[in-house]
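J.: I would like to see how this sequence folds:
(chains A and B)
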Amino acid sequence: MSALLRLRGQAAGLASVARRALAVSLLGLVLGGLASLAATGFVAAVEWLNDALWVSARSRMIHGDWPWLPWVTVAVLATGGLLVGLLNRYVLPGGRVHGPPDVIEVAQSGHGRLSLRAGLASAGAAVTSLGAGASVGQYGPLVHLGATLGSVIARWMPAGSAALGTIGIGCGVAAAISTAFNAPIAGILFAHEVILRHYSLKAFAPITVASTIGFVLTNFVFETRPLFRVDVVPEVAPAEFGAFIVLGILGALVAIAFMRAVVFAGRLARASRLPVPLRPAAAGAALGIMALWTPEVLGIGKETLRFAIIPDAFSAGELGLLMVAKIIATALCLGFGFAGGSFSPALVIGALYGVLAGYVAAPLVPGAADSISVYAICGVAAVTSPVIGGPITTILIVFELTRNYELTTAVMVSVVFANLVSYRLFGRSMFDEVLRARGCDLTMGRDQLVLDHSTIGAYITHHFVEAHPGESLGVLRDRLVAAEATEAQLIDGERNYLGTITLSRLLVAIAREPNASVDSVSDWDDEALRVDTSIRAALKHAESNIGEMLPVLEEGGSNRIVGVIAQSVIVRAYRDTMYGIRREEHAAP
Amino acid sequence: MRRAALCLALVCGAALAQDDTQPLNIATWGGVYEDSQRKAYFEPFAAETGVPVDTAAYSGGVDGLREQVASERPEWDVADMTMADHRQACEEGLLEPFDRGALAAAPDGTPPERDFIEGSFTRCGVAHNVFSVVYAFDKRNFPGAQPYRIEHLFDPERFPGQRAFHRRPDALLEWALISYGVPVADLYSLLSTDRGMRLAFERLDRIRDDIIWWSDPAEAVELLLESDVSFAMGYNGRFFDAAVVRDEPIEIVWDAQVYELEVWGVPRGATRPDLSRRFIRFATRTESLVEQARYIAYGPTRLSANRRLGEHATAGVMMRPHMPTNPLHMDRAIEKDVAWYARTRDRLDERFDAWLAAGDG
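T.: Residues are numbered from 1 along each chain as shown, chains lettered A, B, ... in the order given. Down below sits the predicted model:
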């Protein structure tokens, strides 16, 4: 009988495991499929616009006999910029385009909620920017769009929760990267390394499914071509690995110059006092004029990227010039409010840098002259990985695009040194620096951020000893003694907080002047906690207050008291939050 | 209704044929290609209508057509042009509009819209075969290692010898850029940049001194066989005829073949447009296309015709493996971007001529 029961128990356990596995697969399947479709549609829309608006190389050649072509480009960019500027000003929450930093912030803070409106409007702004030929990247917007879909749908599901929302974000991101790069493993790692920053099995399983779906859809359903294909990879000579270290270190400097330029352009835009809607329009017009001399600065720069791995396609002078031009163009576009990422421009800048490094290495390093394309790819990796803050992701993207072991080893060397230098001199990534500028510091991990986003609301006690104006000291003392409390909160008839009275002060006052009223002994807590105060702020507040029970007021500006919170409870709230983070990071499915 | 229209067409045709036994003048490409046309549909058309077919020598471009249309009484009744030239001519208004409804259905009744392969119809005409530009080499010149990739054409050290090319940028620019390892899908967007163009001409510079130019497609085979030329660019059908039908010592290299459609069109202001259209209807029937494919290795544009491909009329070899569309030849095949050519022809020619002139100086 007991054996039978045990068997039944085991069967039930198995069924529950099967149900969970099915749920995980379904989540990954649905979110991955949707994010992948969105990414494919996004890329197709940009390509279509590039052709229709005479931005793509082919359409520029076809219409090249038209003397007004350069001015059409200026007009298209300025108009596109104006549209994006209007979106920034009137539609987007916070008056700015949202992107990967927002995804990271939401995933790290643990609430898992991305705004659908911000996601769709940002994607629209990015399609407009890229379609008009702005020098920005497409992967950032793809990541944000995928993450938004993942977050919204996962939270909307029957068992939707904050934790599920975060997993949904991971799924959307992985599928977007897997689709865009045709690199499913890199998709999984990007979601973990750059966005979630932990590797719990519970998140890993659906994210893997989502990434695979992205790969399957691109390869077998849409049959889209990978962005960047390297067919022939030359041999790497042993001595060259030394060169790749130097290439990585200098590549970090290029990446830092690029990131600093973007930050600087942002400051310039604010200092310019141009109205928000006109900023991208001005940048667009400037870019269009730049394109008169260097059409390579337009758009994603696929052609330049392709030429970079052809030996002798560029002279050293051209490489340097184009590199600087692309940095300026991208900084201008991103700083002045065009919507888009920084990854694709970093790819182009990195490729140009890598070839230049190869030219320099050719007479110095044996074997370098024959492997310029290897230098180009190492340059790409050395510049992009500090920008996205994803060394492992970058290595895997290269591996999945080239499927070449030797090359990946070379890239690995450049990437780690680039990240090392960049981390010291700049920070973890462009994304993290953007967040830090907004007051969200992730250098020491996510704990602070989660504490910032968790409130004390759930920890408030609504029972406390009340004192009313005009009451005598003795009555209050008796009440405190009876309640075994050490503090009373002084409130008026409307329950407005007037001050806190501690038992010790009360006793001192009674000894001095037994007939006085309680009004004279209250202490005003001038920065009283409120229901929506974060746990981090409450902890800080508790440090500087000696009282045991702290009053908690309503949200907003009113003075009405809601309850009190004990210092020990704030510590418990802190402990609970930390435990929650650890639980999420080590959750099993 | 349809039957009535058909009767009317026949009656008109008969009437035309009775009134007018002036030969129909068709601009086409000469050589074995014209022979295949003669056997497949020029002669049967004459037999059916009583209107004999005359041909005018044509070897690409739109200049000839432009002059004829300008003269307001074009000598040509029908022009057999490549898709790139045809589209350019159509955009310039040098061709009459064409009604695809006038075409014959497949033997099983499939309407032409579903029987012709994608991209066959234009505003001014209908495509009738797929041909491709490839290079062939003289086997006698390469007793050792033989060329098999497009890169080898631009490698005079490994594969020395003269190269006979058509004096046009077409296919040459594609090959030159592809030889850098550029993927086919990116080819035209890279060729659209100044840098791409420059790289292509730099490749051509490498073999500049080895190039001999031809202007008539028939010369390509002649040069290979009768002179010292090692490589020749040319149309696959003519190379097939020499290599397979006549068993000459040449070999076709299919790598990076540039394939394109061949299109019928009626010059603007042609004097007998109804007769011209009737000819096009006749020449694009499934039977006509199948018959032509018995003489030359150009793939028919009708699916129904492709299903009926058989052996060569005299050589007794199966035609299917020699067609440009055979999957074995499609690995790095380049579909000629005819829209691109139609809009950039003058600038391409200008740049090509400048490159030619730079070599003369």
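J.: how far away from the center of its chain is the strand of greatest length in chain B?
T.: In chain B, taking DSSP state E as the definition, the longest strand is strand B:250-265. Computed by C-alpha atoms, centre = their mean, to the nearest Å, the chain-centroid distance of strand B:250-265 equals 7 Å.
J.: show residues contacting the helix or strand just after that strand.
T.: Going down the chain from strand B:250-265, the next helix or strand is helix B:273-283, by DSSP states H and E. Contact partners of helix B:273-283, identified using C-beta atoms under 8 Å, 6 or more residues apart in numbering or on different chains, comprise B:9, B:12-13, B:16, B:20, B:24, B:26, B:37, B:40-41, B:44-45, B:48-49, B:51, B:53, B:77-78, B:96, B:98-99, B:102-104, B:125-126, B:128, B:264, B:266, B:270, B:288. Just so you know, the C-beta spots here come from the backbone N, C-alpha and C atoms, and that holds for glycine as well.
J.: tell me which of those fall in strands.
T.: Per DSSP E, the subset of the contacts of helix B:273-283 in strands is B:Leu24, B:Ile26, B:Val53, B:Val78, B:Gly125, B:Val126, B:His128, B:Trp264.
J.: what's the pLDDT at the fifth one?
T.: Looking at B:Gly125, its pLDDT reads 95.
J.: and the residue of chain B found nearest chain A, what does it touch?
T.: Residue nearest to chain A within chain B: B:Ser192 (3.4 Å; C-beta to the nearest C-beta). Residues near B:Ser192 by C-beta under 8 Å, 6+ apart: A:Ala57, A:Arg58, A:Arg60, A:Met61, A:Ile62, B:Trp340.
J.: okay, now the nearest residue to it once chain neighbours are set aside: neighbour count?
T.: Excluding its sequence neighbours, the residue lying closest to B:Ser192 (C-beta to C-beta, 6 or more residues apart in numbering or on different chains) is A:Met61, at 3.4 Å. Burial of A:Met61 is recorded as 23 neighbouring residues (other C-beta atoms under 10 Å in any protein chain shown).
J.: now for whatever helix or strand A:Met61 lives in, which elements pack on it?
T.: Using DSSP H and E, A:Met61 sits in helix A:57-62. Taking 3 or more C-beta pairs under 8 Å, 6 or more residues apart in numbering or on different chains; DSSP states H and E as the contact definition, the neighbouring helices and strands of helix A:57-62 are helix A:2-52, helix B:187-191, helix B:338-360.
J.: hang on, B:Val133 in a helix?
T.: No - the assignment for B:Val133, made by DSSP: H, G, I helix; E, B strand; the rest coil, is strand rather than a helix.
J.: domain map for chain B?
T.: Domain assignment for chain B by automatic domain parsing gives B:2-130+B:261-306, B:133-257+B:326-360.
J.: mean pLDDT lowest for which of these?
T.: domain B:2-130+B:261-306 (a mean of 88).
J.: what about it, distance to the chain center?
T.: 14 Å.
J.: please apply the same query to stretch A:175-185.
T.: 18 Å.
J.: just the CA coordinates for that stretch, please, in PDB.
T.: Extracted in PDB, the C-alpha atoms of stretch A:175-185 (Å, rounded to 0.1, in the frame of the first residue of the first chain):
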ATOM      1  CA  ALA A 175      15.600  36.000 -29.800                       C
ATOM      2  CA  ALA A 176      16.400  39.400 -31.200                       C
ATOM      3  CA  ILE A 177      20.100  38.900 -31.200                       C
ATOM      4  CA  SER A 178      19.900  35.400 -32.500                       C
ATOM      5  CA  THR A 179      17.700  36.600 -35.400                       C
ATOM      6  CA  ALA A 180      19.800  39.700 -36.200                       C
ATOM      7  CA  PHE A 181      23.200  38.000 -36.100                       C
ATOM      8  CA  ASN A 182      22.100  34.500 -37.000                       C
ATOM      9  CA  ALA A 183      24.000  33.600 -33.800                       C
ATOM     10  CA  PRO A 184      21.800  31.700 -31.300                       C
ATOM     11  CA  ILE A 185      24.500  31.000 -28.700                       C
END
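J.: show residues contacting it.
T.: For stretch A:175-185, contacts defined as C-beta under 8 Å, 6+ apart pick out A:31-36, A:38-40, A:43, A:138-139, A:142-143, A:145-147, A:186-188, A:190-191, A:210-215, A:217-219, A:224, A:226-227, A:396-397, A:399-401.
J.: so what's the residue count around residue 52?
T.: Went with chain A since none was named. 12.
J.: let's do chain B instead
T.: 14.
J.: now swap in A:Leu14 and tell me
T.: Neighbourhood size, A:Leu14 [other C-beta under 10 Å]: 10.
J.: mind listing what A:Leu92 touches?
T.: By C-beta under 8 Å, 6+ apart, the contact list for A:Leu92 reads A:His98, A:Ala118, A:Ala121, A:Ser122, A:Ala125.
J.: could you work out the most separated pair of these?
T.: Using C-beta to C-beta, the contacts of A:Leu92 span at most 10.2 Å, a distance reached by A:Ala118 and A:Ala125.
J.: quick one, which of those two is more surrounded?
T.: Comparing A:Ala118 with A:Ala125 by other C-beta under 10 Å, the one with more neighbours is A:Ala125, at 28 against 20.
J.: what's the spacing between the nearest residue to that one once chain neighbours are set aside and A:Leu142?
T.: Of all residues not flanking A:Ala125 in the chain, A:Ala339 sits nearest, at 3.5 Å (C-beta to C-beta, 6+ apart). Going from A:Ala339 to A:Leu142 by C-beta to C-beta, to the nearest Å gives 12 Å.
J.: just for the stretch 1-150 of chain A, where's the confidence low?
T.: The model of the stretch 1-150 of chain A has pLDDT under 70 over residues A:1.
J.: and if we set it to 90?
T.: A:1-27, A:64-66, A:93-96, A:109-113 (pLDDT under 90).
J.: near chain B, which residues of it are found?
T.: Neighbours of chain B within the stretch 1-150 of chain A, by C-beta under 8 Å from any C-beta of the partner chain: A:Ser56, A:Ala57, A:Arg58, A:Arg60, A:Met61, A:Ile62, A:His63, A:Gly64, A:Asp65.
J.: buried only: go through those residues for me.
T.: A:Ser56, A:Ala57, A:Arg58, A:Arg60, A:Met61, A:Ile62 (16 or more other C-beta atoms under 10 Å in any protein chain shown).
J.: got the contact list for residue 125?
T.: Unless you meant another one, I'm taking chain A. Applying C-beta under 8 Å, 6+ apart, the residues near A:Ala125 are A:Leu83, A:Val84, A:Leu87, A:Asn88, A:Leu92, A:Val97, A:Ala339.
J.: that's the other chain; I wanted chain B
T.: Contacts here follow C-beta under 8 Å, 6+ apart; on that basis B:Gly125 touches B:His86, B:Cys90, B:Leu95, B:Phe98, B:Val263, B:Trp264, B:Gly265, B:Val266, B:Ile280.
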